[in-house]
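Visitor: Got a predicted model here, sequence first, then my questions.
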Amino acid sequence: MSAPATIRCHQTPAWAGLQACFEASGKTLDLRDAFAANPQRFAEFSQDAPYVFADLSKNLINASIQALLLDLAHQCGLEQHRDAMFAGEKINCTENRAVMHFLLRNPAPTPQGRAQAATEKIAPELSLVHETLAAMLAYAEQVRADEGITNIVNIGIGGSDLGPQMAVLALEEFRLQGKRLHFVSNVDGHELAGVLAQLKPQNTLFLIASKTFTTTETMTNALSAKHWFEAQGGKDVARHFAALTTNVAAANEFGISTTFGFWDWVGGRYSLWSAIGLPLAIAIGAQGFRDLLAGAHAMDEHFRNTPLERNLPVRLGLLDVWYRNFHGFTSRSIAPYSSALRRLPAYLQQLEMESNGKRVDVNGQALPFATAPVLWGEPGTNGQHAYFQMLHQGTDVVPVEFVAVKKAAHSLPGHHDKLLANVLAQAQALMLGKHDGGGHRHFPGNRPSTFLLLDELTPASLGSLIALQEHRVFVSGAIWGINSFDQWGVELGKVLARDIETRLATGDDAGLDGSTAGLLQKIVSG
Ligand code: F6P
């Protein structure tokens, strides 16, 4: 049985225990008192995981809350659900698909034919994964060596944009010089026009990235790019266009013969590790990309094999449940104190909110409790000069997840110490607060945060950090009993946009609601 246990989390004894614990003491837990009472708190609530050190001690938990959360995980069948994913079972039940992005970072089968960490059932897929990976990385190396190609334009949206874009920026230090990477996602033609204005067809490689090869934004941008290429006298589409897709037939029909495939068991927001990672592979090279995969694989192994109480994705996912369902916190702020990680919040928004922003369980039954929090954030220290006011003194409590990197990749004196001092100070200030009479200068404190620390920002540590986030989203989704791997909520708007697009051409507002009709007329009336 692949679906999570049929008992819903709110019907478990652990849920009742957590509710009672919250009412009795959990809601008034004071971090300052907790540290004063337990000198071991930091040690007990922090841990190492591959490439990531995590301090959870400034969260509103204690040993008994953590024990109850772990009971909840057991009672909800978390381990069985995790093992079902790793066994290649079709846990994406509404699309009847397996969920195997982890396989993309699994080491190749050994000469003896046994794949490390892959079951017999998924071993054939693993061979295919490695064949495709080898072809994709060989192509990346070929592009890197091709001095004629100086600009690479990735055209894709959602998972076909956010992952590679975030990672290319994050790994700027590892990027091959002499090649510029551009990312075009929006159907707003200003974006594509702005990029095209900088290009010459003979120096440009367009990567059309779309799992389905049907997404309107991507198809519109791809078509305009192809028209531009031809109008500018561009020749040899095979050299200047490549497609990254599960729908190779549609790419061929579009006129692209250079294609790199992947499979329906890779969700769009989990596809960085597939052919969708090609822009990153071009930027950091085949070995860099393999290092990214190895870092992610190390986190996969941690998630699969570590007892739940020392399993970082499990601890983070359970904390998310505690905050969302018992404290009622509605959002989580992500604060990477690293300019290179500036697109991490956008990437994590899709990961968390498209995966777990669901109101029904795996069987389509409405849930009587809340699911995904709103995820938002900006890099530090920028956020401090914008919205941190609200985090410190606003009426809502927002758990913050800090991400910091020990070693800088630059040698400018003073900067990195200031950056690290600020991230430590913000976490400290949120917790400690400052008693100052209760007025404008008063900081209530006791505001929770998690601190993730990387030694260095490298392909391997980035891979591990991202896999950590994927698995923590899996954990909360499994507890809630939802399908974290579909995204039906994006469909309605797509259908309505097609209808409205036709109406914009004709001005026909028959049958529309009053507001949409009024706005349509405002727009078409010139
Ligand atoms: O509309 C949402 C979505 O399907 C995302 O899940 C996906 O990452 C994005 O669109 C792009 O889809 P595709 O890669 O098929 O173009």
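Guide: Right, received. Where do you want to start? The structure presented is a predicted model; accordingly, all values stated were derived computationally and were not measured. Numbers count the residues shown, from 1 in each chain.
Visitor: can you point me to the longest helix in the protein?
Guide: With secondary structure taken from DSSP state H, the chain has its longest helix at helix 278-305.
Visitor: Give me the average confidence score over the very next helix or strand once past it.
Guide: Using DSSP states H and E, the next helix or strand after helix 278-305 towards the C-terminus is helix 312-321. Averaged over helix 312-321, pLDDT sits at 98.
Visitor: near the ligand, which residues of the stretch 151-300 of the chain show up?
Guide: I157, G158, G159, S160, S210, K211, T212, T215, T218, G268, R269 (CB under 6 Å from any ligand atom). Placement of C-beta: from N, CA and C, glycine included.
Visitor: Let me know the pLDDT of M1.
Guide: Per-residue confidence (pLDDT) for M1: 38.
Visitor: Can you report how many residues lie near the residue of the stretch 401-526 of the chain found nearest the ligand?
Guide: Residue nearest to the ligand within the stretch 401-526 of the chain: V490 (3.8 Å; CB to the nearest ligand atom). Each residue near V490 was counted by other CB atoms under 10 Å, and the total is 10.
Visitor: Which elements pack onto the helix or strand A54 falls within?
Guide: Here A54 sits within strand 52-55, counting by DSSP H and E. Under the contact criterion of 3 or more CB pairs under 8 Å, 6 or more residues apart in numbering; DSSP states H and E, strand 52-55 touches strand 46-49, helix 312-321, strand 449-454, helix 459-480.
Visitor: Dihedrals phi and psi, A98?
Guide: phi -70, psi 170 (degrees, to the nearest 10).
Visitor: who touches it in this structure?
Guide: Contact analysis of A98 by CB atoms under 8 Å, 6 or more residues apart in numbering lists M85, G88, E89, K90, I91, N92, W265.
Visitor: Next, count neighbours for the closest residue to L29 other than its chain neighbours.
Guide: Among residues not flanking L29 along the chain, L60 sits closest, at 5.2 Å (CB to CB, 6 or more residues apart in numbering). By other CB under 10 Å, the residues close to L60 number 24.
Visitor: can you check G88 too?
Guide: 21.
Visitor: does it count as helix, strand or coil?
Guide: Assigned with DSSP: H, G, I helix; E, B strand; the rest coil, G88 falls in the coil class.
Visitor: hang on, isn't it packed against P124?
Guide: No - judged on CB atoms under 8 Å, G88 makes no contact with P124 at a distance of 10.3 Å.
Visitor: residues touching the residue of the stretch 401-526 of the chain closest to the ligand, list them.
Guide: By CB under 8 Å, 6+ apart, the contact list for V490 reads E354.
Visitor: follow-up on the earlier one: could you look up the SS state of the residue nearest to L29?
Guide: coil.
Visitor: Quick one: name whatever helix or strand follows the strand holding A54.
Guide: Proceeding N to C from strand 52-55, the next assigned helix or strand is helix 63-75, under DSSP H and E.
Visitor: could you give the angle of that next one to helix 312-321?
Guide: 100 degrees (axes from the mean of the first three to the mean of the last three CA atoms, to 10 degrees).
Visitor: got the contact list for helix 63-75?
Guide: Residues outside helix 63-75 that contact it (CB under 8 Å, 6+ apart) are 5, 7, 9, 12-15, 17-18, 21, 26, 29, 44-45, 61, 79, 308-309, 314-315, 318-319, 321-322, 475, 479.
Visitor: if you set the cut-off to 6 Å instead, what comes out?
Guide: In this structure, residues lying in contact with helix 63-75 by CB atoms under 6 Å, 6 or more residues apart in numbering are T12, A14, G17, L18, C21, G26, L308, E309, L318.
Visitor: Repeat that for stretch 99-110.
Guide: With contacts defined as CB under 6 Å, 6+ apart, stretch 99-110 is touched by 85, 88, 91-92, 115-118, 126-127, 129-130, 265-266, 270, 273-274, 293, 296-297, 300, 485.
Visitor: Select only the buried ones of those in ChimeraX?
Guide: Burial among the contacts of stretch 99-110 is assessed by 16 or more other CB atoms under 10 Å; the matching ChimeraX selection reads:
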select :85,88,91,92,115,117,118,126,129,130,265,266,270,273,274,293,296,297,300,485
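Visitor: Out of the contacts of stretch 99-110, list just those in helices.
Guide: M85, L126, S127, V129, H130, L293, A296, H297, D300.
Visitor: need the contact list for the third one.
Guide: To tie it back to what came earlier, the one meant is S127. Counted by CB under 6 Å, 6+ apart, S127 has contacts P109.
Visitor: Return the per-residue confidence for it.
Guide: With respect to pLDDT, S127 scores 92.
Visitor: Pull the contacting residues for P373.
Guide: Applying CB under 6 Å, 6+ apart, the residues contacting P373 are R324, T330, S331, R332.
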